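Visitor: With the sequence up front, the predicted model follows.
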Amino acid sequence: MVNLPNILSWILWLPLAGIFLIFLLPREKENSIKIVALLTALFDFLLSIILLINFNYNEPGFQFVEKRLWLDYLNSYYFLGVDGISILFVPLSTLVTVLCILISWRSITEKVKEFYLALLFTNIAMVGVFLSLDLLLFYLFWEALLIPMYLIIGIWGGPRRIYSTLKFFLYTFFGSIFMLVAIIYIFLQHGTFDYTALLGKSFQPHIEKLLFLGFLIAFAIKVPMWPVHTWLPDAHTEAPTAGSVILAGILIKLGGYGMIRFLLPLFPQATLYFAKLILVLSVIAIIYAGLACLWQSDLKRLIAYSSVSHMGFVTLGIFSLNPIGIKGAILQMINHGIVTGALFMCVGVIYDRTHSRAISYYGGLASTFPLYAAFFMIFTLASIGLPGTNGFIGEFLILLGTFLADKTMVVLAATGVIIGAAYMLWLYQRVFFMKPSPNVYNLEPMKWNELAALIPMIFLVFLIGFYPNPFLDFMRASVSHLLTNLP
Amino acid sequence: MFTLNLNFSVLAVELIFLITGIFFFLVDKFIKNKNYAYYLVFLAILLGFGFLMFTPFGDFTKAYQKDFFSATIQLFLLIGAFLIVLISYTFLQEFRALNYGEFYGLFLFSLIGAFVMVASQDLLTLYLGMELMSIPVYFLIASNFVYGRNSLEGSLKYFIAGALASAFIILGLALVYHSQGSLIFKDIFTNLAQGLNKKELFAALILILAGFSIKLSLVPFHMWAPDAYQASPLPVTTFLAGIVKFALMGAFIKIMILGFSPLRVELGTFLIPIALITVLIGSLLAIKQDNIVRMLAYSSVAHVGYASLGFLSGDYLGYGFILFYMLIYLFTTIGTFGLLIYLASIKREFLEIPSMSGISQKLPLVAFLILVLFFSLAGVPPTAGFMAKFYIFIMLVKGNFIGVAILALLFSVIGAYPYLRVIKVIYMDKPLYDYEKERYSISLFIPIILSLFIVLLFGVYPKPAVDFIQRTLYLYMNMLLFHT
């Protein structure tokens, strides 16, 4: 392992340089702005790949740790580190930023400067959430992410963007409150925000349950779990393509990541106490959202609901509380980020050409736009979880893990897979087959930036689908270590 | 033989302001170019900085003391006042009918009142300082009559509310005097520490609190605030929202530390419903306002509510965090109103929120500044507004007021909406008007950029300010122990 001083800080703060440069550029120079943003994001992605290569996956604890005193009165540290749980999310976040910049190359035409500033700011906040090991720092990044997302959805979104973005902001802001109170309480109990120091600490049982709930509300809204999912379809539908990709790719993963990172190790007793409830909620989410997909008439809304359903699998895997399920959940989060992100990009590609998201507007695209149809097909199949694609590995591991924990839930959840196949294939049929609709002739061929954004995704779909082992290796040690805390 | 040792050097800043102020009133009539006043007041404040920093601590009779606490608060007030003078310049260039030396003169007199109030050692001086701070402001609000007839209404409302506050405070003073025959803070403390006259003194404290809460616009005495804020010239609104409230909080903290400190837990319990309802009402009523100054007036009500949550635990650390909160609020307010002055100088209609739609198209810098400052007011990290709230909430949870903390945080979700709405209007709506950009004047944008810088710096690294304030309180408390 080579010596990489402060690589995490470099990854985290590198986009700041891009932000600074873009800030200085005059707003008329749109191309330079885009190029600066792209180069910054690419360089950041490169750094995170270097991090990935140098990561030692036999080590269960945190690596590349950086710790500096930040606020001494609060005993709070600028404390960064990665372990097997967070390592995969870092390159995913930086990759998603690169792809978002690519996919928005042509479709964002007004307030270009602000858009790329917001995207790079989002990158900092996302990576920050995955890297920070200090609860206060974590909360700071967690909340800071709301600002650029509020703008991205609100400024460049669709017709109902303002309603959606306010709903998104207020929902998540509301959820975070309880987490903030829980964080403050933990701090006052144990005198530290340091995650590693808190691992060995315990709480009184009833307090532990309350703290668990405080965190759970924040994470559940972000995931989103079933009763609090309603912001997601609106936000996804109205967001610009890049916004949807960030939402699907990273933002909703933060909830699942938070659950694995904080709920399980910090509150083991409460986790056991509430696990059943969360399993039930997850199954409801899987089936309910799957059924909801069946009667959506809007392309993006359908994929948004399918996100809710897929994230139901993730929470199911996490709260099966065994290594297989959790590894499946982490992998499924990565997969979902790739596949659903790619699906949103695909919708963006066609939306830029026709400006309609209604399913009934299309038909017969397969004959008039065959290359695009091929892309969409691959991601559809990955979303369904066809063997050979990445979706299969994740879902299979989750179902296997849940089988060890609770057999009834598996039976119910597995119906969700069937529903998933039903709505995705039906969607594909309505949009790509049947008689070509008059709206789909003479579409522009796909542009380089769209191809550049989609091809890496296809590569990842098959890479994880056929050879998931390296990805699972990364998390093996950390996940088994994580579960040693659970009684 | 009783001798008075009049140590004028501790009053140097006040004296400079007094002389400058009187100069304006005597000479202004004879000078044609009114911009001299700006330079003179600029000079006076710079001199004030020097004297504040370099004159030694000490007493002026038993009524006035320059010490760690008062000097720190005065320093913050002076910085705030300096920035407000800077933004006033641009404002007065645009609103020429107000451009008279008296504008700055009254401003300085009010500042003297604030200075005296935070340095007072007995209730009567405190009361006089408070009146001296308020009365020039009544004039300043009414001076806007040229530009809006409702300024008389605002001024009168503030005046009547202020008179009511005086009545409450005088009644409290009478009770204190009745029970112990002295108005000096230290005597109050001695009596309370010995458990004498506890009931009378608590009643007196509540009356004084009532007086303060009128001036601070705590519910149920918040009604004057929106009218007065909207009616005033914008720099005066800034002064009212930033400086006056900061000084009042400082003075009240001083009363609580120096005089009534044995009653601070009782006061905290008494304040729970008041602070919570203030936050709620301020946040709720801000939602529907179309005039941005009015909206900020209600938001100021809510912010004072958050700050006063710091009194609940009765912990001295909490008092420090109140000051930190008010300091951040002071700077955010100065930045915000500076931007409003800029917008108003382009087009008066921009003070109505719906008319601000789409200004990010032509004024991207202004829109960005509003974005940052408003997210700070809403309390979203990484801005200082979040850190200020965070410290207050730490004190709440520490004092075992978890329910209160959760409620206040819930109200902050409601309170975020008005700011989000403004951001929505300026970024996401289509522009309504066609207009020409104004020049970014230096004297206006230095305070704005400074407040932006402070908001961002203290948002990620609040340590310097928090340490400074807490150390001041600590030193002050040590000095008190040492003296008695």
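Guide: Sure thing, it's come through.
Visitor: Check whether B:Tyr427 really touches B:Ala367, as I assumed.
Guide: Yes - using Cβ atoms under 8 Å, B:Tyr427 is in contact with B:Ala367, at 6.4 Å. The way it works is simple: take the backbone N, C-alpha and C, and place the C-beta from them, glycine included.
Visitor: Could you say which helix or strand holds whatever residue of the stretch 51-200 of chain B ends up closest to chain A?
Guide: Chain A sits closest to B:Thr72 of the stretch 51-200 of chain B, with a gap of 17.5 Å, by Cβ to the nearest Cβ. Taking DSSP states H and E as the criterion, B:Thr72 maps to helix B:68-94.
Visitor: Check which element follows that helix along the chain.
Guide: Under the assignment DSSP H and E, the closest C-terminal helix or strand after helix B:68-94 is helix B:101-119.
Visitor: average pLDDT across that next one?
Guide: For helix B:101-119, mean pLDDT is 91.
Visitor: From the chain's centroid, how far away is that helix?
Guide: 13 Å (Cα atoms, centre = their mean, to the nearest Å).
Visitor: Would you mark the buried spots in whichever helix or strand comes after it?
Guide: The C-terminal neighbour of helix B:101-119 among helices and strands, as given by DSSP H and E, is helix B:123-142. Under the neighbour-count criterion of 16 or more other Cβ atoms under 10 Å in any protein chain shown, helix B:123-142 has B:123-127, B:129-142 buried.
Visitor: Out of the residues you listed, which are close to chain A?
Guide: Within the set of the buried residues of helix B:123-142, contact with chain A (Cβ under 8 Å from any Cβ of the partner chain) is found for no member.
Visitor: mind listing what's buried in stretch A:366-375?
Guide: Buried residues in stretch A:366-375, defined by neighbour count with 16+ other Cβ under 10 Å: A:Ala366, A:Thr368, A:Phe369, A:Tyr372, A:Ala373, A:Phe375.
Visitor: no, scratch that, I was asking about stretch A:392-407
Guide: Using 16+ other Cβ under 10 Å as the test for burial, stretch A:392-407 gives A:392-403, A:405-406.
Visitor: tell me which of those residues is nearest to B:Gly80?
Guide: Using Cβ to Cβ, A:Gly394 comes nearest to B:Gly80 of the buried residues of stretch A:392-407, at 56.5 Å.
Visitor: Quick check: pLDDT value at the closest one.
Guide: 88.
Visitor: I'd like the next helix or strand past the host helix or strand of it.
Guide: Per DSSP H and E: A:Gly394 is located in helix A:390-405. Note on helix A:390-405: by DSSP H and E, the next helix or strand toward the C-terminus is helix A:407-432.
Visitor: Can you check which residues contact both of B:Tyr427 and B:Ala367?
Guide: B:Ser360 (Cβ atoms under 8 Å, 6 or more residues apart in numbering or on different chains).
Visitor: neighbour count winner among the two?
Guide: The neighbour comparison of B:Tyr427 against B:Ala367 (other Cβ atoms under 10 Å in any protein chain shown) goes to B:Tyr427, with 23 against 20.
Visitor: list the contacts for the closest residue to the more buried one other than its chain neighbours?
Guide: Nearest non-adjacent residue to B:Tyr427, counting by Cβ to Cβ, 6 or more residues apart in numbering or on different chains: B:Ser360, 4.9 Å away. B:Ser360 makes contacts with A:Lys111, A:Glu114, B:Ala367, B:Phe368, B:Ile426, B:Tyr427, as judged by Cβ under 8 Å, 6+ apart.
Visitor: quick check, B:Ser360 in a helix?
Guide: No - read with DSSP: H, G, I helix; E, B strand; the rest coil, B:Ser360 is coil and lies in no helix.
Visitor: Around the residue of the stretch 51-200 of chain B closest to chain A, how many other residues sit close by?
Guide: B:Thr72 has 21 neighbours, counted by other Cβ under 10 Å.
Visitor: Equivalent analysis for A:Gly317, please.
Guide: Neighbourhood size, A:Gly317 [other Cβ under 10 Å]: 33.
Visitor: roughly how far out does the one helix or strand it maps to sit from the chain middle?
Guide: Assessed by DSSP H and E, A:Gly317 sits inside helix A:299-318. Helix A:299-318 sits 11 Å away from the centroid of its parent chain (Cα atoms, centre = their mean).
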